[in-house]
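S.K.: What follows is a protein structure lacking sequence information:
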């Protein structure tokens, strides 16, 4: 590296991680080590069964606050920050007035299922795979397009305002970017290719919004952000920000960011993130691989003018949020960390299986009619067995999407790299290795989502030299090897499959 390039490693990169349950700002140094963290949770709003919302104004306020927290804890100012990267909960949909910045409705969260009627209406002409050849995605309540359509159809006056060009749409990366760069005073209205690929409106190959699909959803094109790469300067922080004039230079949807942070840059490399939901991503390189086994085709990343890299994804709606449900709805634990101790109070699941289809089943089933079920109950089962069944459900669901990915790719993985909050649970990761019959590997740096966004921003401003340098930063922390007998693995997975069957065909016209 030249002496000029070496001078580029001074300063720090700040990553904004706008997640499903909280917003965080994390500052990284050149070694990809965490310098400081600011974090604040936001309210989860449940107006009706199946409806999940966030307050966009609360989210933006929290983002501003956590930036201040992270800078203060590290005793840094904007002059120390070389660039900012953004990563975000994908698909969660915000529509706002571009003149005032006021949202027209709460953000509709990716897990929300209220738009099933719109899905059914559009699927009546061409089926659930009507737009899959173009977008890589099936028709589903999961993606942003149905949420935009719902807001246009159900919030008074919004259709007319949208058609007059007064409104803007964005997933939360776009919402944060627009506000951070000035909002009504010149804010940048853009999204990166990874987030755009989750709307059900983007042509994966041309990277353009598809006019035919927009017409089918009756969404005005003027609402949509400009589609940009994942690593470039989009704009600079506004004068009102603590980060004034700092380049905003990286955006990746949270799962793609975690993949990038795991240094899974090449075809065949993969990671599994354990968060609110679980998300397995396998990089397919520059090839668009169509799944025949219930996975999604999505964009992994695009660095500046470089080639677009694609991936297969297995999206699971409810994993970590099931543990929160045990805490908040049932009260059998007082903190998420307690679930491991409670699960270890018993020797096994006692015959209980918990399928958390709270938002239907995502990959590989795509069954919106499913609902959660706790089955196999006897008088023997206690709260320890329920805790263990909840943890095991995370691993069973991962097994399903990994089996689908292996069928699509034609070759099995040699190991599974994992990240996310639940990977601090040793009991879960041992069971994961056992049920997969595959080594499970956790990296030293667990904050791979924020790290991926930092990497994208740092590459754009020359803070890091390239992907080879980033690969060298990945280090293994711990590895779990499978120890379970094959017959026991077969028995457990067979019973899990029976439990999944019990969740299906639950929702009909008169069932919430």
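M.R.: Nice, I can see it. Just so you know, these numbers come straight off a predicted model, no measurement behind them. Numbers count the residues shown, from 1 in each chain.
S.K.: where along the stretch 51-200 of the chain do the helices fall?
M.R.: With DSSP state H, counting those that start in this stretch, the ranges of helices along the stretch 51-200 of the chain come out as 56-74, 116-123, 132-135, 144-154, 158-163, 172-180, 193-196.
S.K.: Now render these as CSV, adding distance to residue 324 and mean neighbour count.
M.R.: (Glycine included, C-beta is placed from N, CA and C.) Shown next, in CSV, are these (distance: least, Cβ to Cβ, whole Å; neighbours: other Cβ atoms under 10 Å):
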stretch, distance to residue 324, mean neighbour count
helix 56-74, 18, 20
helix 116-123, 24, 16
helix 132-135, 31, 18
helix 144-154, 22, 23
helix 158-163, 32, 17
helix 172-180, 19, 28
helix 193-196, 24, 28
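S.K.: closest to residue 390 out of those?
M.R.: Closest of the helices of the stretch 51-200 of the chain to residue 390 is helix 116-123, at 25.8 Å (criterion: Cβ to Cβ).
S.K.: neighbouring contacts of that closest one?
M.R.: Here helix 116-123 makes contact (Cβ atoms under 8 Å, 6 or more residues apart in numbering) with 128, 130, 139, 140, 141, 146, 149, 150, 153, 216, 217, 368.
S.K.: and the fourth one, how many residues sit next to it?
M.R.: Just to be clear, that refers to residue 140. Neighbour count of residue 140, defined by other Cβ atoms under 10 Å: 22.
S.K.: Could you measure from it over to residue 176?
M.R.: Relative to residue 176, residue 140 is positioned 25 Å away (Cβ to Cβ, to the nearest Å).
S.K.: ok, and what's touching stretch 472-480?
M.R.: 31-32, 262-263, 415, 426, 429-430, 432-433, 439-446.
S.K.: after the longest helix seen in the chain comes which helix or strand?
M.R.: Counting residues, the longest helix found in the chain (DSSP state H) is helix 383-409. Per DSSP states H and E, the first helix or strand lying C-terminal to helix 383-409 is strand 416-419.
S.K.: For the helix or strand following that following strand, buried residues please.
M.R.: Heading C-terminal from strand 416-419, the first helix or strand you meet, by DSSP H and E, is helix 426-436. Within helix 426-436, the residues that count as buried by 16 or more other Cβ atoms under 10 Å are 427, 428, 429, 430, 431, 432, 433, 434, 435, 436.
S.K.: Name the nearest of the residues you listed relative to residue 157.
M.R.: residue 428 (47.4 Å).
S.K.: Now that closest one. Nearest residue, chain neighbours left out?
M.R.: Computed as Cβ to Cβ, 6 or more residues apart in numbering, the closest residue to residue 428 that is not its neighbour in sequence is residue 391, at 5.0 Å.
S.K.: pretty sure that neighbour contacts residue 429?
M.R.: No. Judged on Cβ atoms under 8 Å, residue 391 makes no contact with residue 429 at a distance of 10.1 Å.
S.K.: Endpoints of stretch 443-454, how far apart?
M.R.: Start and end residues of stretch 443-454 are separated by 17 Å (Cα to Cα, to the nearest Å).
S.K.: Mean confidence (pLDDT) on that stretch, please.
M.R.: For stretch 443-454, the mean pLDDT works out to 90.
S.K.: Counting neighbours, what do you get for residue 242?
M.R.: Using other Cβ under 10 Å, residue 242 has 16 neighbouring residues.
S.K.: Just the pLDDT for residue 100.
M.R.: pLDDT for residue 100: 96.
S.K.: list the contacts for it?
M.R.: residue 184.
S.K.: List only those of the contacts of stretch 472-480 flagged as buried.
M.R.: 32, 262-263, 415, 429-430, 432-433, 440-443, 445-446.
S.K.: Among those residues, which one lies nearest to residue 495?
M.R.: Of all the buried ones among the contacts of stretch 472-480, residue 495 sits closest to residue 432, with 17.0 Å by Cβ to Cβ.
S.K.: mind checking how far the spatially closest residue to the closest one that is not a sequence neighbour is from residue 201?
M.R.: Once flanking residues are discounted, residue 432 sits nearest to residue 395: 4.3 Å by Cβ to Cβ, 6+ apart. For residue 395, the distance to residue 201 equals 34 Å [Cβ to Cβ].
S.K.: same check, this time on residue 264
M.R.: Relative to residue 201, residue 264 is positioned 26 Å away (criterion: Cβ to Cβ).
S.K.: buried ones in stretch 398-417?
M.R.: Under 16+ other Cβ under 10 Å, the buried positions of stretch 398-417 are 398-405, 408-409, 413, 415-417.
S.K.: what's the helix or strand for residue 374?
M.R.: Per DSSP H and E: strand 373-375 holds residue 374.
S.K.: ok, and what's touching stretch 491-500?
M.R.: For stretch 491-500, using Cβ under 8 Å, 6+ apart, the contacting residues are 353, 354, 355, 361, 365, 373, 375, 376, 392, 396, 399, 435.
S.K.: just those residues now: which is nearest residue 104?
M.R.: Closest to residue 104, out of all of the contacts of stretch 491-500 and judged by Cβ to Cβ, is residue 361, at 31.0 Å.
S.K.: so what pLDDT did residue 3 get?
M.R.: pLDDT at residue 3 comes out at 33.
S.K.: and what of the one 10 residues further on?
M.R.: Here, the pLDDT recorded for residue 13 equals 97.
S.K.: Residue 510 too?
M.R.: Confidence at residue 510, expressed as pLDDT, is 52.
S.K.: isn't residue 390 right next to residue 354, touching?
M.R.: Yes. With contacts counted by Cβ under 8 Å, residue 390 reaches residue 354, the gap being 5.1 Å.
S.K.: Common neighbours of those two, please.
M.R.: Residues touching both residue 390 and residue 354 by Cβ under 8 Å, 6+ apart: residue 322.
S.K.: Work out the gap between stretch 388-407 and the centre of the chain.
M.R.: Offset of stretch 388-407 from its chain centre (Cα atoms, centre = their mean, to the nearest Å): 17 Å.
S.K.: If you could redo that for stretch 400-409, that was the one I meant.
M.R.: 19 Å.
S.K.: Spit out the contact partners of the residue nearest to residue 11 when sequence neighbours are not counted.
M.R.: Of all residues not flanking residue 11 in the chain, residue 82 sits nearest, at 4.2 Å (Cβ to Cβ, 6+ apart). Contact partners of residue 82, counting by Cβ under 8 Å, 6+ apart, are 8, 10, 11, 12, 13, 246, 247, 458, 461, 463.
S.K.: Pull out the buried members of those residues.
M.R.: Buried among the contacts of residue 82 by 16+ other Cβ under 10 Å: 8, 11, 12, 13, 246, 247, 458, 461, 463.
S.K.: on that earlier part again, show the model's pLDDT score for the residue nearest to residue 11.
M.R.: Reported pLDDT for residue 82: 96.
S.K.: now swap in residue 368 and tell me
M.R.: 85.
S.K.: Tell me, how many residues neighbour it?
M.R.: Using other Cβ under 10 Å, residue 368 has 22 neighbouring residues.
S.K.: Show me what the residue lying closest to it once chain neighbours are set aside is bridged to.
M.R.: Leaving aside its sequence neighbours, residue 368 sits nearest to residue 360 (Cβ to Cβ, 6+ apart; 3.9 Å). Under DSSP bridges, the beta-bridge partners of residue 360 are residue 358.
S.K.: In this structure residue 360 contacts residue 318, no?
M.R.: No. Residue 360 is beyond contact range of residue 318, at 9.6 Å (criterion: Cβ under 8 Å).
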